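In: heads up, no residue letters with this:
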């Protein structure tokens, strides 16, 4: 198992400043400061709501104070790999709703579009500005060894979590300014500017002058509402709900303001495809904007991410992403996929059922760590119950070997203790494709656990990328 | 500004003001309750408080049977009553959360902390021993929220809509507070102007934070004419109807646009109401009957609120019934 802080008993040089800092304060004092940090998070209101607990339950994501560090070389892999992936996924989405060369040439089977709720036939023939469909893509990456990374999954719909990346850093720099002395850690400022610029770059063809941007939220009962508010504030754009917007007979989108209607050109929507336009999709949705799709097709509004991008992050599509990279970019994947068994293939199904106790099994259309089985940490009864589910409905599941995820230390009352972590960098595509030097590091808080999702009790860490040449030695 | 943002800001401060008013009303009820009364007369102050709060229709019992305990429950913690203190602070927080980026973090934190703190306080039983401490806390908190807004908000339209909501609600509150006296029965007609009458007016003034200033301003003992003058016509009082309407008019002048006829109509309505109030005397009010005049004032204020919601594009408004 790869420990990111220690090589055997030896401290990795990237962590020397952090080790000094921890030794200087001691675990008790640091845990007190951690409570202080959490109080700060609560006061600012950085919370998320958990669906099953009803409407008004604001909870904090547990924050671990020990930063996670990437050196410049390691980050180089993450950065190149994520950008490559985002480019390939955008090319794939454009192809699927366009000429479908990748299917014509037999790289991806046509069957992936059948019965796939993420595929929106309404988008066929549509071309968004700059041919960018997924302006923001979260790539979930795990590490298993020195310079060995795997992509666990892609998030091309409305990935969340960036607010934690920025606020974790904000809190750490506020509480421990000394850690950041000398500028060894690359700053994460500018995400808002970066995103707003990408949105402006993708303004619709009919937009004249500086585009008006807005962020569309389902409202404050949404689990990520805090982030919606945070990002709108960061970019200085209006945070709107569906009821604030309307599409007029001129097929343009307007905000209702106290001084009359004001046209909107680019909408960053944090609302699922199904709900964005009751005229086109879910007719009972009160969250969306009737006619939004009409306005988009008429070239009067850019929707970020465009509807239909879910086709690229379906777990059944995932297995083809390395092929997409070769097909569209003529490159080899910088970061490989985790070997994946598709249970709809008879051979794979047989293998999966045989080895269920050693595998991680996920629902093809599931998300957030719900409805999954982690074989090695499950009871025989849980495995047996899942066996029946997979057998009854094989096309609904994929399986992967349990990787030996890297660990990063967290602070416990007994000192430091290693826990499994993953990483989600956020790739932004506008006129160019890039990402800020950090990402969301999610950490399992239970010893041995591999589940890092916040909805399942995972925590977060500040994630550092060191400047070239800065080793903290 | 988004209409919904304006609406949330407007209602946020209305709810904070209403929370403050409910605390003042209950404080008046507590003080009136403690006054001596003749044997065999019915208690009426809690019924009166209930009616003045605009919550008689949500009260689960016959308002005539209202008691200290049932009214306190209904006006403090009953979530079925949209005007209860806990409903008000929850609504204010909801409105603020919806427009987090439009208020300063000081305003948000003041409201957020008020809700947590009041929630913690009502976990205990509230009775005569700690009711006044709780009410003081509520009023202290509303002052803190108001202070956070005054001290930290830029004086733009956002601040304007908050102020508009606050002053409309305050006008409504002061009118309702004065009307409490109408419903509190005096044991017999000849008691009007007597000692008990005096004590009841004193409690109304106290609830309006105005008892101390009264003698300072009027140089005489408290009487009905003086109280009405202070709470309706005195332009120096921070709670009078004249002061409230003057602020409503001032805020509206800055918020309406020249090229919107409906918004100009609203401005004219408020200007005409304000002008009337400026030309009014205490004698005019009593000639019409205090209760009748106050009721007409509250009805007109409701119409102004509804028109405000319409011309700025708010959703449907929720206004408590006028007594």
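Out: Everything's here; your move. Every value quoted in this text rests on a predicted model; they were computed, and no experiment measured them. Numbers count the residues shown, from 1 in each chain, chains lettered A, B, ... in the order given.

In: can we go C-alpha only for contacts and neighbour counts from here?
Out: Noted.

In: Would you mind listing what in chain B touches chain A?
Out: B:1-4, B:6, B:97-101, B:105, B:109, B:257, B:311-313 (CA under 8 Å from any CA of the partner chain).

In: Among those, list the two that are farthest apart in space.
Out: Across the residues of chain B next to chain A, the longest distance by CA to CA is 32.2 Å; it joins B:109 and B:257.

In: ok, now which ones touch residue B:97?
Out: Neighbour list for residue B:97: A:220, B:108 [criterion: CA atoms under 8 Å, 6 or more residues apart in numbering or on different chains].

In: Check it and give its pLDDT.
Out: pLDDT, residue B:97: 89.

In: helix/strand/coil for it?
Out: Taken by DSSP: H, G, I helix; E, B strand; the rest coil, the conformation at residue B:97 corresponds to helix.

In: Would you pull up the residue in chain A closest to chain B?
Out: In chain A, the residue that lies nearest chain B is residue A:257 (3.9 Å; CA to the nearest CA).

In: Most neighbours among the residues of chain B next to chain A, please name it.
Out: Comparing the residues of chain B next to chain A by number of neighbours (other CA atoms under 10 Å in any protein chain shown), residue B:6 comes first, having 26 neighbours.

In: Can you tell me the element that one falls in?
Out: Per DSSP states H and E, residue B:6 falls inside helix B:3-33.

In: which ones are touching the closest residue to chain A within the stretch 1-150 of chain B?
Out: Closest approach between the stretch 1-150 of chain B and chain A, counting by CA to the nearest CA: residue B:2, at 3.9 Å. Residue B:2 makes contact with A:238, A:244, A:255, A:256, A:257, A:258, according to CA under 8 Å, 6+ apart.

In: just to revisit the earlier point, against residue B:314, how distant is the residue of chain A closest to chain B?
Out: Residue A:257 sits 10 Å away from residue B:314, going by CA to CA, to the nearest Å.

In: hang on, the earlier thing: what is the helix holding residue B:6 packed up against?
Out: The contact analysis (3 or more CA pairs under 8 Å, 6 or more residues apart in numbering or on different chains; DSSP states H and E) places helix B:3-33 against strand A:253-257, helix B:45-52, helix B:85-98, helix B:131-152, helix B:157-183, helix B:195-207.

In: and residue A:419, what pLDDT?
Out: The model reports residue A:419 with a pLDDT of 92.

In: Identify the residues contacting it.
Out: Counted by CA under 8 Å, 6+ apart, residue A:419 has contacts A:407, A:408, A:409, A:410, A:443, A:444, A:445, A:446, A:447, A:448, A:449.

In: Drop anything exposed from those.
Out: Using 16 or more other CA atoms under 10 Å in any protein chain shown as the burial test, the contacts of residue A:419 include A:407, A:408, A:409, A:410, A:443, A:444, A:445 as buried.

In: returning to that earlier point: let me have the contacts of residue B:2 in a markdown table, adding distance to residue B:269, neighbour count and pLDDT as columns.
Out: Compiled in a markdown table, those are given as follows (distance: CA to CA, whole Å; neighbours: other CA atoms under 10 Å in any protein chain shown; pLDDT from 0 to 100):
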| residue | distance to residue B:269 | neighbour count | pLDDT |
| --- | --- | --- | --- |
| A:238 | 32 | 24 | 93 |
| A:244 | 28 | 20 | 94 |
| A:255 | 28 | 24 | 96 |
| A:256 | 24 | 23 | 94 |
| A:257 | 22 | 19 | 94 |
| A:258 | 19 | 23 | 94 |
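
In: Tell me where chain A is predicted with low confidence.
Out: Chain A contains residues with pLDDT under 70 at A:43-58, A:366-370, A:454-456, A:471-473.

In: can you do 80?
Out: Flagging of chain A using pLDDT under 80 yields the residue ranges A:40-60, A:285, A:315-316, A:365-371, A:448-457, A:469-473.

In: Give me the nearest residue to residue A:121, chain neighbours excluded.
Out: residue A:97 (7.7 Å; CA to CA, 6 or more residues apart in numbering or on different chains).

In: Count the residues that sit near the one you found.
Out: 20.

In: Quick check on residue A:101: phi, psi?
Out: Backbone geometry at residue A:101, expressed as degrees, to the nearest 10, gives phi -60, psi -40.

In: hang on, it packs against residue A:92?
Out: No. Checked against CA atoms under 8 Å, the pair residue A:101 and residue A:92 is beyond contact range at 9.3 Å.

In: between the two, who's got more neighbours?
Out: Taking other CA under 10 Å, residue A:101 and residue A:92 do not tie; residue A:92 has more neighbours (24 against 15).

In: wait, doesn't the more buried one sit right on residue A:312?
Out: Yes. With contacts counted by CA under 8 Å, residue A:92 reaches residue A:312, the gap being 7.3 Å.

In: List the contacts of the closest residue to residue A:459 other than its chain neighbours.
Out: Excluding the flanking residues, the one nearest residue A:459 by CA to CA, 6+ apart is residue A:62, at 4.6 Å. Residue A:62 makes contact with A:38, A:458, A:459, A:460, according to CA under 8 Å, 6+ apart.

In: Give the ranges of residues in the stretch 151-300 of chain B that sit below the confidence cut-off.
Out: For the stretch 151-300 of chain B, the ranges with pLDDT under 80 are B:183-195.

In: of all of it, which residue lies closest to chain A?
Out: residue B:257 (6.9 Å).

In: Let's verify that residue: helix, strand, or coil?
Out: What three-state DSSP gives for residue B:257 is coil.

In: per-residue confidence at residue B:320?
Out: The predicted local confidence for residue B:320 is 50.

In: sorry, back to before: tabulate the buried ones among the contacts of residue A:419 in CSV, adding columns for distance to residue B:199 and secondary structure.
Out: Below are those laid out as CSV (distance: CA to CA, whole Å; DSSP: H, G, I helix; E, B strand; the rest coil):
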residue, distance to residue B:199, secondary structure
A:407, 73, strand
A:408, 71, strand
A:409, 69, strand
A:410, 66, strand
A:443, 66, strand
A:444, 66, coil
A:445, 64, coil
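
In: Dump those residues to a markdown table, plus distance to residue A:330.
Out: Listed next are these as a markdown table, based on distance: CA to CA, whole Å:
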| residue | distance to residue A:330 |
| --- | --- |
| A:407 | 34 |
| A:408 | 35 |
| A:409 | 39 |
| A:410 | 41 |
| A:443 | 35 |
| A:444 | 37 |
| A:445 | 40 |
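
In: Closest to residue A:168 out of those?
Out: Comparing these against residue A:168 with CA to CA places residue A:443 closest, at 13.5 Å.

In: Residue A:114 - how many residues pack around it?
Out: 8.

In: where's it relative to residue A:121, distance?
Out: 11 Å.

In: what's the residue nearest to residue A:121 sitting at in phi/psi?
Out: Note on residue A:97: backbone dihedrals following degrees, to the nearest 10 are phi -90, psi 10.
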